[in-house]
Every structure is written in C-alpha cells, then in structure tokens.
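K.L.:
Structure, please.
(chains A and B)
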Amino acid sequence: MIPVFEGWGMSYEAAWATSTIAGILLIALPLMLAVAMVIYVDRKIWAAMALRRGPNVVGPFGLLQSFADGLKVFLQETIIPSAANKGLFLIAPIITFTVALAAWAVVPFNSGAVLADINVGLLYILAVSSLGVYGVVMSGWASNSKYPFFSAMRAAAQMISYEVSIGFILICVVLWAGSFNMNAIVVAQRGHGLGIVNGFFFNLLLFPMWVMFLISSLAETARAPFDLTEAESELVAGYQTEYSSMSFALFWLGEYANVLLMCTLNAVLFFGGWLPPLEIGILYWVPGFVWLLLKIAFFFFVFSWIKATVPRFRYDQLMRLGWKVFLPLSLAFVVLVSGWLMFTRYGA
Amino acid sequence: MLQAIAFYLFAALVLLSAVFTILARNPVHSVLWLILAFFNAAGLMVIIGAEFIAMLLVIVYVGAVAVLFLFVVMMLDIDFAELRASFMKNFPLGIAIAAVLLAELVLGIGVWQSGGLQLGVASGEAAPLLGRSNIESIGALLYGRYLFLFESAGLILLVAMVGAIVLTHREGRAVRGHQNIGKQIARRPGDATVNVRPEIGQGVKL
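P.N.:
Numbering: from 1, shown residues only, chains lettered A, B, ... in the order given. Have a look, this model is predicted:
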C-alpha cells in the first residue's frame, strides 16, 4: 500500500504511517463485524442442533441480535466490586481484547496482503497468544472472589499445558515448510498432495498433527468441551462472574476473536490459507481472501458443531489428554517428521 | 528518528517497570510490573534486529515463567503489617546485598567504557552474518560450532528436570485408585444395569 500513498504526494515516512494505520483499520474493523456475526452464527448453529430456533426477533432472521446485545451492554452500568483490585480489574478485559486483536497482524489474507510480513510470524502468534492468559488470570485475581479465582487457576494451567503441545505441532509444520513466515508456509503447501491438493493435511505425517492441533486449539481458546474455566455448573461464570457492561463485552469479543484466530490458524497452517483447495488454474480466478474466509467459516462451523454435541471434559481428563497423550505424541512426530525430511529432502 | 523514539520509549519503560517491580507493595503487582519489563526488553531486542530472541523472550519468560510466578504469588496470603515488622530485622542483609550490587554495577560500567565485548570467535572479531535470518544464523551456530556446548546444556536441563520430578514424586502416596480410561469407555450400559420386573411384594435380588 505504501507506493499508492506515495503516489498521492506523501513522503515515505508519512506514506508508511498512513498505510500501517489503514492496514490496522482494514483488519480490525471487519474483524469486529465478523465477531458480531460469528456470535450470531454460533447461537444459530447451536440452536439448530438442539432443534430450537435461536435468535430470530431482531432484524431479518435475527441477524441484528449481536448488535442489539452490544447496544444493551454498552448502556449498562459498570459495577466494580468494592473489594476488587480496581486497576487490575479494569485492565484485565482490555488486555484480553487487545491481545486477541494484536495476533491478527501477521495473518496473510492473500499473497502479500499481510500487515506485518515478518520472518518470525508463527513465533509472534505463539508469543501473543501466550499473553492471552494474563487477561484471565488478572481478572480472576483482581475480582477478589472465589469462583473467578478458581477459574483463573484452571485457565492458567490449561493454557500452559496445551501451549506446549501446540508448540511442537507448529514445529512440525515449520520443519516441512522450512520457514516461520506465514506467507511462506502457505506457499509451501501449493500442490502438496500429489500435486493437486493444496494443504499440509494431505500428508500422512501431518494429518495426525492437524487433528491434535484442532483439539488443542479448542482447549487453548477454552471452548467446549474444554470450557472448564467458565463451567457454569461449577464456577457460576468463571473469571467473568464479577464483570458487567463493557468490561464483560470486551471479554466476550476477545474470546470470539481468539476463536476466529484459531480457525484461521487451522486454515493457514494445514489447509493452504488463501490458496484454493485444489491446484486447478480456474480456481485461482476466485480471489485468495475468499478462499481463506470460506475455510475460516468451515472451521468455525466445526467449532460450533463440537460445542453443540460434545459433553464437557473433567479437569483431570483435560490434564491427562494434554500431558500424557498430546505431548508425547507431538514429540514423537517432531522426531518422525524431521527424520523423514532428513531422509528425503536434506539427506546425503 | 523513529528508532530513537522507539528505543527511548522501550528503555524508559523497562527502567520504570523495573523500579516499580521493587517498589510495589503487593507481590502480584510486582510480578505484573516484571512482566511489563520483560515485554519492553523484547521490544529493545526487536530494535537491534534480534527478532527471534525477542519472540523467545516473550514466549518463554512472559508466556511461561512469569505465569508460574504469578500462579505462586497469587496463592500467597500476605500480611502487610508483618511484612513491615520484619523489615528492620533484615535491614543489614539488605544493605550487604545492595553494596554487592552497587560494586557490580560500577565494575560493569567500567568494563563497558573500556571497550565493548565482542562475542563469536576467540580473537574477538565478531563476523556478522548478513543477509540471513536470525533463526538460520542462530541455528547454524548452535548446531555447528557450539554443538557440544548446546547438547551439554540440554543434558544439564534434563538432569534438573529429572531432579525436580524425583523431589516431588512420592511413591505410594498416590493410591487414589487408578482410572483406566479405555476400560471406562469400553463399559456398556448392559454391563452395569439389569432390567427386572419383580412380582408385587417381592424385592430384587442382586
């Protein structure tokens, strides 16, 4: 975008600043809109699977339900418990929300259409998503209340546990793609399966990694069946118990932005990102971001489907799955993948 | 220009949050200030072009180590009155540590002024690898020149890990009845329930 702004007679610095700000707005504003719509879609899918109607009153087909909710929440009073640690109590939702947005900076929407094309893109996403736990932990502690505190403890342990195996899964992908850059990872998936299928999932060594990544991303975003941090039968509403109005809404938006990010990661790392699903010339007529959006939508449907059908895990089962199943398996696959690459690609 | 602004911003925030780390009365606030310091230090790393180190700093220290710190500190039940009472008792020790730190600081500045330390080769001529990414150059160094040092560092960490597990592992205490997930899932309703229609006035034999 920089040359465009330079063409309008700006200096390089001014063009850089303008294009960066424009890029941030171009990502953040549609993302907020997408989060609002995705909450509606989530409720609709959930309702359909439970043979209910779901939101259908506000606007045609209930399409404006999320906006009505947002307006309602905006007009509510912010209640701060008198025993709460005021500063941290207010900062916590802001951190959750900001971190959820910041990770989108390195997501490639099309060939070259990425805000920050850095060569440690995947590490950046890992780093930023590991910050997400602070919003939850701080809110749990600052609320000075028992249920949020339990929830914060659970969240911290859960997110750290699954980050470990996610790290190893990502290493497998990086090894195969030979780069940490998100765009390079997408390009490396071109014609990966028999020269026709675009995507790392079409690979005997990486397909199990994708299954584990999908499950780990459910745990990382604390979605059902791993939503133990807000298990309403045990912890009221978890770390959000004491929150109201906008501070509650920020948690909500951040949570769904994180879910969308995980869907995007699934699409980008294993399903070819902005590449069409099949390596056929005519499919390239459809712009890349449309393919990416379709894949994200598909994964979001899978997330909602799981939420509607799978019962919640027990906490010890969650820990067992993370540490005793996923961690050894992903470690073994790091060895397998690097061994196979050494044998076929880098060997003698 | 932009670099200078960014540098002073990050550096000032590192110093500020470091100061608040030791000034904060509440240990939880202390840890949070420490996290801010880590984060800004990562920003400084980015400025000097070591983006890989920066990301690792955030992932390892901010994402994992500090979370565990916070975890422990949040559990503490702090009595502030007692904290102030024991202040005078530990005062001499504190002064001693402060003196050592001051001496180190003076020494460090003195060394720095006598010329920068050049890392890399024995002769002190560090050859920057231009045109290669951080990850590639670090990988080439770790798995090439420093292979044995790197491997032995890994071994030491493994020993530390095994040690920690040995210290906390108690044989015989965990007799809480082991769960076999496969057995639990393989169990069918027919194994656990029987359908009977008892005669009136008669109970059910189990």
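K.L.:
Enumerate every residue touching residue 192.
P.N.:
Let's take chain A. With contact set as Cβ atoms under 8 Å, 6 or more residues apart in numbering or on different chains, A:His192 has these partners: A:198-200, A:202-203, A:272. Where C-beta positions appear, they are placed from N, C-alpha and C, glycine not excepted.
K.L.:
10 Å instead, please
P.N.:
Going by Cβ atoms under 10 Å, 6 or more residues apart in numbering or on different chains, A:His192 touches A:176-177, A:198-203, A:206, A:272, A:275, A:279.
K.L.:
Could you double-check that A:Ile94 sits in contact with A:Leu250?
P.N.:
Yes: between A:Ile94 and A:Leu250 there is a contact at 6.4 Å, judged by Cβ atoms under 10 Å.
K.L.:
More neighbours: these two, which one.
P.N.:
With neighbours defined as other Cβ atoms under 10 Å in any protein chain shown, A:Ile94 and A:Leu250 compare such that A:Leu250 has more, 22 against 15.
K.L.:
shouldn't that one be in contact with A:Thr96?
P.N.:
Yes: taking contacts as Cβ under 10 Å, A:Leu250 lies within contact range of A:Thr96: 6.5 Å.
K.L.:
what do these two both touch?
P.N.:
Shared contacts of A:Leu250 and A:Thr96 (Cβ under 10 Å, 6+ apart): A:Gly135.
K.L.:
Ignoring the adjacent residues along the chain, who's closest to B:Phe7?
P.N.:
Leaving aside its sequence neighbours, B:Phe7 sits nearest to B:Ile47 (Cβ to Cβ, 6 or more residues apart in numbering or on different chains; 5.6 Å).
K.L.:
tell me the pLDDT at the one you found?
P.N.:
We have a pLDDT of 76 for B:Ile47.
K.L.:
Overlap of the contact sets of A:Ile94 and A:Leu250?
P.N.:
Residues within reach of A:Ile94 and of A:Leu250 at once, by Cβ under 10 Å, 6+ apart, are A:Gly135.
K.L.:
for the chain, which spans come out with low pLDDT?
P.N.:
All of this is about chain A. Along chain A, the parts satisfying pLDDT under 70 run over A:1-2, A:348.
K.L.:
my question was about chain B
P.N.:
For chain B, the stretches flagged by pLDDT under 70 are B:1-2, B:77-90, B:108-132, B:172-177, B:206.
K.L.:
Can you dump the C-alpha atoms of the helix or strand hosting A:Val133 in CSV for me?
P.N.:
According to DSSP states H and E, A:Val133 maps onto helix A:121-142. The C-alpha coordinates for helix A:121-142 follow below in CSV (Å, rounded to 0.1, in the frame of the first residue of the first chain):
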residue,chain,number,x,y,z
GLY,A,121,5.4,-14.7,12.1
LEU,A,122,4.4,-18.0,13.6
LEU,A,123,6.5,-17.3,16.7
TYR,A,124,4.8,-14.0,17.0
ILE,A,125,1.4,-15.7,17.1
LEU,A,126,2.7,-18.1,19.8
ALA,A,127,4.1,-15.2,21.8
VAL,A,128,0.9,-13.1,21.6
SER,A,129,-1.4,-16.0,22.3
SER,A,130,0.6,-16.9,25.3
LEU,A,131,-0.1,-13.4,26.6
GLY,A,132,-3.9,-14.1,26.5
VAL,A,133,-3.7,-16.0,29.7
TYR,A,134,-2.8,-12.8,31.6
GLY,A,135,-6.2,-11.2,31.0
VAL,A,136,-7.9,-14.3,32.5
VAL,A,137,-5.5,-14.7,35.4
MET,A,138,-5.6,-11.0,36.3
SER,A,139,-9.4,-10.8,36.2
GLY,A,140,-9.7,-13.8,38.4
TRP,A,141,-7.3,-12.5,41.0
ALA,A,142,-8.5,-8.9,40.9
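K.L.:
which element follows it toward the C-terminus?
P.N.:
Next in sequence after helix A:121-142, counting helices and strands by DSSP H and E, comes helix A:146-177.
K.L.:
and the following helix or strand past that next one, does that touch chain B?
P.N.:
Downstream of helix A:146-177, the next assigned helix or strand under DSSP H and E is helix A:182-188. No: using Cβ under 10 Å from any Cβ of the partner chain, helix A:182-188 stays clear of chain B, coming no nearer than 10.8 Å.
K.L.:
same question, stretch A:106-114
P.N.:
No: judged by Cβ under 10 Å from any Cβ, stretch A:106-114 stays clear of chain B, getting no closer than 11.0 Å.
K.L.:
buried stuff in that stretch?
P.N.:
A:106-110, A:113-114 (16 or more other Cβ atoms under 10 Å in any protein chain shown).
K.L.:
And that stretch, end to end?
P.N.:
The stretch stretch A:106-114 measures 6 Å between its terminal residues, going by Cα to Cα, to the nearest Å.
K.L.:
State the distance from A:Trp56 to A:Ala308.
P.N.:
Just so we're on the same page, residue A:56 is Asn rather than Trp. Look at A:Asn56 and A:Ala308: by Cβ to Cβ, to the nearest Å, they are 17 Å apart.
K.L.:
How about the secondary structure of residue 9?
P.N.:
Reading this off chain A. In three-state terms, and counting by DSSP: H, G, I helix; E, B strand; the rest coil, A:Gly9 is coil.
K.L.:
for chain B, what are the nearby residues on the stretch 101-250 of chain A?
P.N.:
Within the stretch 101-250 of chain A, the positions near chain B by Cβ under 10 Å from any Cβ are A:118-134, A:137-138, A:140-142, A:149, A:152-153, A:156-157, A:159-160, A:163-164, A:167, A:174, A:179-181.
K.L.:
quick one: the strands in chain B?
P.N.:
Ranges of strands in chain B, per DSSP state E: none exist.
K.L.:
Contact distance from chain A - what residues of it qualify?
P.N.:
B:1-2, B:26, B:28-29, B:32, B:35, B:39, B:42, B:46, B:51-60, B:62-64, B:66-68, B:70-71, B:73-75, B:133-136, B:179, B:181, B:184.
K.L.:
what sits against the residue in chain B that chain A sits nearest to?
P.N.:
Closest approach between chain B and chain A, counting by Cβ to the nearest Cβ: B:Gly63, at 2.8 Å. Shown in contact with B:Gly63 (Cβ under 10 Å, 6+ apart): A:126-134, A:159-160, A:163, A:167, B:35, B:38, B:56-57.
K.L.:
Next: A:Trp104.
P.N.:
By Cβ under 10 Å, 6+ apart, the contact list for A:Trp104 reads A:24, A:27-28, A:31, A:114-116, A:125, A:128, A:257, A:260-261, A:264.
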